[in-house]
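> My questions are about this predicted structure, shown below with the sequence.
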Amino acid sequence: MFRFETYYLYHWAMQDNTTLNEACFVPRVSGFTFKFASSNHEAGDLEAQGLEFRSQVIDARKRLDKGAVAFCIFVGQEFAHVAWIAFDQDARDSCNAPPCEVDFSNHEAYVGSTWTSPKYRGMGFDAYGSLKRRQFMLEKGVDRSRSAVPKKNIVSQKSSAKVNAAIYGEGRLIKVLWWKSWKEKPFPPER
């Protein structure tokens, strides 16, 4: 009925991705596969290969229908990690994400709703997935991505720092029943 959360607001410049060495981000587990799906048809193709994720992600079908792209990592055929990219407002809204400001018309994208299976946490899937998502966005003409990470999520904050994400502000979400308030406070620029 009542929810109050504070978030760090991150942004990534896609050109910064070109300086990162992919070999430094390879997860510490063998037999993993990185896949993405931008439609329910593509997700069905993954399922035909034994790579199922939609049944384990709330509203996955709806998110894909609205244009969000799922970036998944599997170990063997076991679903281990997912994150979503939204290239427009409808896709972002479908991800049930904090409503941080994203200028989609100015080549920005939103990345969020990231989850890693408890069995595979701490093995580098989020940082590796972030690198692969950024490569994808760069190919799609995205200049910058934005994300909101709960302040209490220390693991995601460490992962974001590893891939050179910059914190630019703080967001506060208050929800009471169906009423919602979101406020952003930018941090002063560094000198």
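Yes, it's here.

> Tell me how many other residues surround Lys158.
By other Cβ atoms under 10 Å, the residues close to Lys158 number 12. Bear in mind the C-beta positions are built from the backbone N, C-alpha and C, glycine included.

> tell me the SS of it?
helix (DSSP: H, G, I helix; E, B strand; the rest coil).

> Tell me how far it lies from Ala86.
Remark: distance between Lys158 and Ala86 (Cβ to Cβ, to the nearest Å) = 24 Å.

> So which elements touch the longest helix seen in the chain?
Using DSSP state H to define each element, the chain has its longest helix at helix 125-139. Counting by 3 or more Cβ pairs under 8 Å, 6 or more residues apart in numbering; DSSP states H and E, the packing neighbours recorded for helix 125-139 are strand 32-37, strand 69-75, strand 78-86, strand 108-116, strand 144-150, helix 154-162.

> TSV for the ones you listed, including distance to Lys62 and mean pLDDT?
Listed next are the helices and strands packed on helix 125-139 as TSV, based on distance: least, Cβ to Cβ, whole Å; pLDDT from 0 to 100:
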stretch	distance to Lys62	mean pLDDT
strand 32-37	13	96
strand 69-75	12	97
strand 78-86	12	97
strand 108-116	12	94
strand 144-150	20	94
helix 154-162	24	82
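
> where are the low-confidence patches of this protein?
16-19, 190-191 (pLDDT under 70).
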